[in-house]
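Participant: here is a sequence with its predicted model. Questions after.
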Amino acid sequence: MTKNNKSVCESKHFEMLFNTHSTLLRNYIYYKCGDFNLAEDMVQEAFISLWNHCEKVNYDEALFYLKRIANNNFLNTVKHQKVVLNYSKFKGSEVNNESPEFIYEEKEFMKKLQDAIAILPEKQREVFLLNRIDKMTYKEIAALLNLSVKAVEKRMHNALVVLREKIGNI
Amino acid sequence: METRNKDTLLARWLTDDLTSKEAQDFKASEAYHSYEKISTYANHLETPPYDKAKAWKAVSNQTVDKAKVRPLYYNWATGIAASIVLLFGMFYGLNTGTTTHQSDYGTQLSVVLPDGSEAILNANSKIEFNTTDWKNENRTLELDGEAYFKVKKGSLFTVKTSKGNVAVLGTQFNVNSDANSLEVKCYTGKVRVSDATNTAVLTSGNAYRIIDASEEKWTFKTTDRSWLNHESTFYNAPLSSVFTSLENQFEITIKNKNNYLNQRFTGSFINDDKNLALKTVLEAMNIGYVFNKNNVILAVY
């Protein structure tokens, strides 16, 4: 069990961290605020901060550090901004040759789902989307958010319950 | 046991982590179909596209690439920076916090402003701003000459010129001002131009000119070549502006221009061939001239 003692201050390690984590970090902030330009600015600032404090951050803990910085900046700047999410691109269903009515229904459902996700409590939304879109396991999410796995599972469960309530009869 | 885990049931169902009893009961329940539909559809959700390479470029510029250069000039740069500060201190009074950037004849100068916005100065142009104001979110600068601005999103960004002000929130635009006229071209976003009497809002591809007291508007292609590509382009511009631009670009003096100031010029000249540029403008305008050392003497009629 050789613990990673790569230095974050080395450019190639730093670049590696960027490649591994930037998309996830950007999505995570996006799930919170619904503004991807802002999310990308936050990611940029977080990485610049990481670079400036590279001696103090352990390579393995970099993601957690980045998330904390992005989160703090996020809270500082846009705490009260209204969250409007716009999830795009339903890639087509498993069955493509359906009747127009069915396709219409599908679209309607997708819209309802997106609206419901947009009004989910932030904590449930981030867990739900990190799992569904970024395919993170509950364990990984727990590490990122500094929670127990059990707590993540609860948020996930509640997210589904709320979504079903909001969407109504289906 | 069962009741204790009920509050995570749906989460565990998604990861196939239910006991066979739980799974059986859940599949028989009324809600099962709904949850399955939500789960299937949620798998089709996507985030807006993310340009990772571009993001890396922005980050590396301010981190790894920056660090590579630092050791080379660090020592003497501090010295020079100190003397520059001292010089400005002497010229502008000790605690005004005013910063000035001035480009030379025939050269461009790229300046990064305190908020990370960028100004590219065309030849013989000057910007001046107060760093203390900028720290307080008051993004105001004074321009004398011509510059292209890439403005980061944020508070109001104002360019003051002798003829009027240009205010934006976050965009790319070009400002050219001299004693007689102010010309603004908006490349992206929105720009507001105002002087004592007029106000205009420009969107992408719109250009606007205040000359003496009258205003002119036209459209241009944002992809057209400009002085940033070492080509100076004019649309129905007063010859006075064209002359100023030639003088700044080539460090020459144009004499006897008073007869021609009110004529208009449409066209462009390249910024790296003095003779060709003079020929392009003056022959097109049918103006005879003699070019001697750094003086261009126009024919008097």
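Facilitator: Nice, thanks for sending it over. What you are looking at is a predicted structure, and each value in this text was computed from that prediction instead of being measured. Numbers count the residues shown, from 1 in each chain, chains lettered A, B, ... in the order given.
Participant: can you show me the strands along the stretch 151-300 of chain B?
Facilitator: Shown for the stretch 151-300 of chain B, the strands assigned by DSSP state E, counting those that start in this stretch span residues B:157-160, B:165-168, B:172-177, B:181-188, B:190-194, B:199-203, B:206-211, B:214-219, B:231-238, B:253-255, B:264-270, B:289-292, B:295-298.
Participant: looking at those, spot the one closest to B:Gly145.
Facilitator: Evaluated over those, closeness to B:Gly145 peaks at strand B:172-177, with 7.1 Å, by C-beta to C-beta. (Each C-beta comes from the backbone N, C-alpha and C, glycine too.)
Participant: can you list the strands that that closest one pairs with?
Facilitator: Using DSSP bridges, the strands paired with strand B:172-177 are strand B:139-150 (antiparallel), strand B:181-188 (antiparallel).
Participant: turn those into TSV, columns for mean pLDDT.
Facilitator: Output for the strands paired with strand B:172-177, formatted as TSV (pLDDT from 0 to 100):
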stretch	mean pLDDT
strand B:139-150	89
strand B:181-188	86
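Participant: reformat those into TSV and put mean neighbour count and distance to B:Thr63 next to each item.
Facilitator: Shown next, in TSV, are the strands paired with strand B:172-177 (neighbours: other C-beta atoms under 10 Å in any protein chain shown; distance: least, C-beta to C-beta, whole Å):
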stretch	mean neighbour count	distance to B:Thr63
strand B:139-150	21	20
strand B:181-188	22	26
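Participant: show me which residues of the stretch 101-250 of chain B are close to chain A?
Facilitator: Neighbours of chain A within the stretch 101-250 of chain B, by C-beta under 8 Å from any C-beta of the partner chain: B:Lys153.
Participant: residue of the stretch 101-250 of chain B nearest chain A, please.
Facilitator: Chain A sits closest to B:Lys153 of the stretch 101-250 of chain B, with a gap of 7.6 Å, by C-beta to the nearest C-beta.
Participant: so where's the stretch 51-200 of chain B shaky on pLDDT?
Facilitator: Where the stretch 51-200 of chain B drops to pLDDT under 70, the residues are B:66-96, B:169-170.
Participant: surely B:Thr100 is in a helix?
Facilitator: No - counting by DSSP: H, G, I helix; E, B strand; the rest coil, B:Thr100 is not part of a helix but strand.
Participant: skipping its backbone neighbours, what lies nearest it in space?
Facilitator: Closest residue to B:Thr100 apart from its sequence neighbours, by C-beta to C-beta, 6 or more residues apart in numbering or on different chains: B:Glu128 at 4.7 Å.
Participant: I'd say A:Asn73 and A:Phe47 touch.
Facilitator: No - in this structure A:Asn73 lies outside contact range of A:Phe47 using C-beta atoms under 8 Å: 11.7 Å.
Participant: longest helix of chain A?
Facilitator: Ranked by residue count under DSSP state H, the longest helix found in chain A is helix A:11-33.
Participant: any residue of whatever helix or strand comes next after that one touching chain B?
Facilitator: Using DSSP states H and E, the helix or strand that follows helix A:11-33 towards the C-terminus is helix A:36-52. Yes - Helix A:36-52 reaches chain B (C-beta under 8 Å from any C-beta) through A:Phe36, A:Asn37, A:Glu40, A:Val43, A:Gln44, A:Phe47, A:Ile48, A:Trp51.
Participant: dump those residues to JSON lines, plus pLDDT and neighbour count.
Facilitator: Below are the residues of helix A:36-52 next to chain B laid out as JSON lines (pLDDT from 0 to 100; neighbours: other C-beta atoms under 10 Å in any protein chain shown):
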{"residue": "A:Phe36", "pLDDT": "79", "neighbour count": "17"}
{"residue": "A:Asn37", "pLDDT": "82", "neighbour count": "12"}
{"residue": "A:Glu40", "pLDDT": "88", "neighbour count": "22"}
{"residue": "A:Val43", "pLDDT": "91", "neighbour count": "30"}
{"residue": "A:Gln44", "pLDDT": "90", "neighbour count": "20"}
{"residue": "A:Phe47", "pLDDT": "93", "neighbour count": "27"}
{"residue": "A:Ile48", "pLDDT": "90", "neighbour count": "17"}
{"residue": "A:Trp51", "pLDDT": "89", "neighbour count": "22"}
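Participant: on that earlier part again, in which helix or strand does the residue nearest to B:Thr100 reside?
Facilitator: Using DSSP H and E, B:Glu128 maps to strand B:126-130.
Participant: so what are the sheet partners of that strand and their directions?
Facilitator: strand B:98-102 (antiparallel), strand B:139-150 (antiparallel).
Participant: buried set for the following helix or strand past the shortest one?
Facilitator: Heading C-terminal from strand B:98-102, the first helix or strand you meet, by DSSP H and E, is strand B:109-112. Within strand B:109-112, the residues that count as buried by 16 or more other C-beta atoms under 10 Å in any protein chain shown are B:Leu109, B:Val111.
Participant: same question, stretch A:133-144
Facilitator: Within stretch A:133-144, the residues that qualify as buried are A:Ile133, A:Met136, A:Tyr138, A:Glu140, A:Ile141, A:Ala142, A:Ala143, A:Leu144, counting by 16+ other C-beta under 10 Å.
Participant: tell me the contacts of the fifth one?
Facilitator: Right, A:Ile141. With contact set as C-beta atoms under 8 Å, 6 or more residues apart in numbering or on different chains, A:Ile141 has these partners: A:Val127, A:Leu130, A:Asn131, A:Leu147, A:Val152.
Participant: widest-spaced pair of those?
Facilitator: Top of the distance list for the contacts of A:Ile141 (C-beta to C-beta): A:Asn131 and A:Leu147, 13.1 Å.
Participant: okay, the two: which has more neighbours?
Facilitator: Legend: neighbour count by other C-beta atoms under 10 Å in any protein chain shown for A:Asn131 and A:Leu147, higher for A:Asn131 (22 against 17).
Participant: didn't that one look like it was pressed against A:Tyr138?
Facilitator: Yes - with contact defined as C-beta under 8 Å, A:Asn131 and A:Tyr138 form a contacting pair (7.1 Å).
Participant: hang on, the earlier thing: please list the outside residues in contact with the strand holding B:Glu128.
Facilitator: B:96-103, B:111, B:113-114, B:119, B:121, B:140-145, B:147.
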